[in-house]
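> Here is a sequence together with a model predicted from it:
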Amino acid sequence: MSTTSTPTTAPAPEATPVRRPALLAAACGVVAVVAFLAVAELGALVLGGAGSPLVAVGSAVIDLAPPAAKDVMVGLFGTADKAALFVLMAVVTVVVSAGAGVLERSRPPFGALVFAVGGALALFAVTTRSGSGTWDGAPTVLGVAGAVVVLRVLLRKLRRWEAAAAVPSASPRPAATERRAFLLWGAATAVAAVVVGGAARAGTAAAQAAAAARRAVRLPRAATPAAAVPAGASLDVRDLTPYVTPNAQFYRIDTALRVPSIDPAAWTLRIHGAVDHEVELTWDELLALPLQEHMATLSCVSNEVGGDLIGNALWLGYPIRELLARAGVHDDADMVLSRSVDGFSAGTPLDVLQDEGTAALLAVGMNGEPLPPEHGFPVRMVVPGLFGYVSATKWVTELEVTRFADAQGYWTPRGWSERGPVKLESRIDTPRGGASLTAGQEVAVAGVAWQPHTGVKGVQVRIDGGAWQDATLAESVSADTWRQWVHRWTPDAGPHRLEVRATSADGQVQTSVQRPPAPNGATGWHTVQVSAR
Ligand SMILES: Nc1nc2c(c(=O)[nH]1)N[C@H]1C(S)=C(S)[C@@H](COP(=O)(O)O)O[C@H]1N2
Ligand SMILES: [Mo]
């Protein structure tokens, strides 16, 4: 009877349905909301602490809660009312997300829709906060997208497992494999979301705490104030770089992926190495010292000829020379390796830092404000005459007195010179390259020229390779800053080539030799092509 040609096969696996699939779907919903928070907090971290839906929703709930509810909360939890509110919000969020998971399993895409609606409410809270910026909604939008992806991916895995378990013969893979895939993905996503979200939240909280600490800083008056900036330092020429660079416009160069957040109360500077006694300085001790104001032009070795990686600011700080004297520097030392919390370091010649005539500062103020976070808050170095990479350590916490033979700054093993004095340079700010001028109408050819600490005594302009003509130089407060210059010129019709060169206070003329920024600063004449009709 049963001798027909039925091949012998393994017995069909038994159907063992997934137990409590709704509970698993609820868990998927919870993992999705954690993913939402992780993505959003990571976004907020990238935005420098802005746009966190967690904070915004919490604040919105506090603002919108009727007074009676507040009284109940305060009555119940006292000063822990805010913590209690967050716990309450967390419970509501978990319950709603679990419900969304269940809903998405049985009636897609309604679960995802719950996330979208929740996200829209959070977006409303974020974007209506006072002082919210253009991008503040982005973390929330990205977070919702992340949550929906996680929800759908996990539920698809759950459905596969359910299908394989219910009708094993219809599934390409055994139920155990599908089960493992679901559990693995669920667990991995949950762990990743918790780790990333937690780290991002901690980072954002630190950034916000540092920002609040910065707002609370009241800088002391300088014991030695800077000389007033003479009116003659600024020429009245449109599109000419201002003599003093506003903080918001000051170039920023560093290796920090994220601006370090430092609470000044926790900041210390340690001076050690080849010294008689280590010195440790706190923020309060630094502010109690007689600070001095000094205007200086800071520039980056990477600045191309004609580039804008240069700025001039009024710094407030304490002379590094005094601190070195306090520590007692050994005779065989010739370098100070300054280190920052971000791993950057700079090797600065000791004699420059010790020089009475060089205002090498441990700076706390920039143009009358505490240092902006991206410019080194709470404390940085500024050394007139040296490129930033060998001197201007931001977020500085350590000065090691050592020798060039024994130590290297961050950029030295990366192809940049051990020493980095700023080179004599000049730049044409206006007219811009490619400008079309009107023939017969006078224009101001103007720009800036610098060799900080040496000073500039002359600037010359040459048109179409003709004779060098002296430009008019603006004043400056000292040799440590750049100088504006202007040359009035009336073009005739046709293309023209404008060139500029400076003469330093010690009589050298800016070289025409074109060198790239590496290894120790670009040289050459800034040249601009314009045309007139
Ligand atoms: N901690 C730290 N400090 C740093 C750097 C850095 O990467 N990290 N870059 C240096 C370089 S190369 C320059 S040109 C100046 C730029 O300072 P600014 O960003 O305030 O203009 O900072 C210097 N200080
Ligand atoms: Mo730099």
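Here it is on my side, so go on. Ligands and ions are numbered 1, 2, ... in the order given.
> So which bits of this structure are right by ligand 1?
For the chain, the contact set with ligand 1 under C-beta under 6 Å from any ligand atom comprises 250-256, 298, 300, 340, 342, 344, 375, 388-389, 392-395. C-betas here are computed from N, CA, C, even on glycine.
> gap between the closest residue to ligand 1 within the chain and Trp525?
Per C-beta to the nearest ligand atom, Gly388 is where the chain lies closest to ligand 1, at 2.5 Å. Distance from Gly388 to Trp525, counting by C-beta to C-beta, to the nearest Å: 23 Å.
> So which of those two has more stuff around it?
Gly388 (27 against 21; other C-beta atoms under 10 Å).
> got a list of what that one touches?
By C-beta atoms under 8 Å, 6 or more residues apart in numbering, the residues touching Gly388 are Ile253, Leu298, Ser299, Cys300, Val301.
> For those residues, pick the one with the most neighbours.
Going by other C-beta under 10 Å, Leu298 tops the contacts of Gly388 with 28 neighbours.
> In the protein, where is pLDDT below threshold?
Along the chain, the model assigns pLDDT under 70 to residues 1-13, 48-49.
> Can you point out the helix or strand that includes the spatially most central residue of it?
Nearest to the geometric centre of the chain sits Val259, at 4.1 Å (C-alpha atoms, centre = their mean). Using DSSP states H and E, Val259 sits in no helix or strand.
> One more: Thr93?
helix 81-106.
> Can you name the residues in contact with the helix or strand just after that helix?
Remark: after helix 81-106, the chain's next helix or strand is helix 110-127, criterion DSSP H and E. Residues outside helix 110-127 that contact it (C-beta under 8 Å, 6+ apart) are 29, 32-33, 36, 51-53, 56-57, 59-60, 96-97, 99-105, 132, 136-137, 139-141, 143-144, 147-148, 151-152, 155.
> Now do the strands in the stretch 251-400 of the chain.
In the stretch 251-400 of the chain, the segments counted as strands under DSSP state E, counting those that start in this stretch are 268-273, 279-282, 292-299, 310-319, 335-340, 345-349, 361-366, 369-370, 380-382, 396-402.
> which of the contacts of helix 110-127 are buried?
29, 32-33, 36, 51-53, 56-57, 60, 96-97, 100-105, 136-137, 139-141, 143-144, 147-148, 151-152, 155 (16 or more other C-beta atoms under 10 Å).
> Assign a three-state SS to the nearest residue to Thr412 once chain neighbours are set aside, would you?
In space, and not counting its chain neighbours, Thr412 is closest to Glu418: 5.2 Å by C-beta to C-beta, 6 or more residues apart in numbering. Using DSSP: H, G, I helix; E, B strand; the rest coil, the structure places Glu418 in coil.
> Please identify the helix or strand for Arg156.
Here Arg156 sits within helix 138-166, counting by DSSP H and E.
> And the very next helix or strand once past that helix, what does it pack against?
On the C-terminal side of helix 138-166, the closest following helix or strand by DSSP H and E is helix 175-216. Packing partners of helix 175-216 (3 or more C-beta pairs under 8 Å, 6 or more residues apart in numbering; DSSP states H and E): helix 21-46, helix 138-166.
> Comparing the ones you listed, which comes out most buried?
helix 21-46 (a mean of 24; mean count of other C-beta atoms under 10 Å).
> Between helix 138-166 and it, find me the angle.
160 degrees (axes from the mean of the first three to the mean of the last three C-alpha atoms, to 10 degrees).
> can you count the residues close to the closest residue to Asp342 other than its chain neighbours?
Nearest residue to Asp342, sequence neighbours excluded (C-beta to C-beta, 6+ apart): Ala256, at 4.3 Å. Close neighbours of Ala256, defined as other C-beta under 10 Å, add up to 15.
> Now do the contacts for Ala256.
Asp342, Phe344, Trp395.
> Just want the residue of this structure that's nearest ligand 2.
Cys300 (3.2 Å; C-beta to the ion).
> Alongside ligand 2, which residues does the stretch 351-500 of the chain contribute?
Gly388, Tyr389 (C-beta under 5 Å from the ion).
> quick one: the residue nearest to Ser512 when sequence neighbours are not counted from Ala467, how far?
Leaving aside its sequence neighbours, Ser512 sits nearest to Trp525 (C-beta to C-beta, 6+ apart; 5.4 Å). Trp525 sits 15 Å away from Ala467, going by C-beta to C-beta.
> hmm, who's touching stretch 227-243?
244, 295, 312, 427, 429-430, 432, 444, 446-448, 472, 474-478, 481-486.
> hang on, the earlier thing: mark which of the residues of the chain next to ligand 1 are buried, thanks.
For these, buried by 16+ other C-beta under 10 Å: 250-251, 254, 298, 300, 340, 342, 344, 375, 388-389, 392-395.
> quick one on the thing from earlier: the strands of the stretch 251-400 of the chain into a markdown table, with extra columns for distance to Val329?
Shown next, in a markdown table, are the strands of the stretch 251-400 of the chain (distance: least, C-beta to C-beta, whole Å):
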| stretch | distance to Val329 |
| --- | --- |
| strand 268-273 | 9 |
| strand 279-282 | 11 |
| strand 292-299 | 21 |
| strand 310-319 | 14 |
| strand 335-340 | 9 |
| strand 345-349 | 12 |
| strand 361-366 | 15 |
| strand 369-370 | 29 |
| strand 380-382 | 16 |
| strand 396-402 | 5 |
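> So for Ala69, which of the ones you listed sits nearest?
strand 369-370 (39.1 Å; C-beta to C-beta).
> Now do that closest one: which elements does it pack against?
Secondary elements touching strand 369-370 (3+ C-beta pairs under 8 Å, 6+ apart): none.
> Strand partners (parallel or antiparallel) of it?
Strand pairing for strand 369-370, determined by DSSP bridges: strand 361-366 (antiparallel).
> Now do the strand it pairs with against strand 396-402, angle only.
170 degrees.
> Kindly export strand 361-366 (C-alpha atoms) in PDB.
Output in PDB follows, covering the C-alpha atoms of strand 361-366 (Å, rounded to 0.1, in the frame of the first residue of the first chain):
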ATOM      1  CA  LEU A 361      49.500  85.300  28.300                       C
ATOM      2  CA  LEU A 362      47.600  82.600  30.000                       C
ATOM      3  CA  ALA A 363      44.400  84.100  28.700                       C
ATOM      4  CA  VAL A 364      40.800  84.100  30.200                       C
ATOM      5  CA  GLY A 365      39.200  86.900  28.300                       C
ATOM      6  CA  MET A 366      38.800  87.700  24.600                       C
END
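> now it and strand 268-273, what's the angle there?
Strand 361-366 runs at 160 degrees relative to strand 268-273, counting by the same axes, to 10 degrees.
> Next, the buried residues of strand 361-366.
Here strand 361-366 shows Leu361, Leu362, Ala363, Val364, Gly365, Met366 as buried, counting by 16+ other C-beta under 10 Å.
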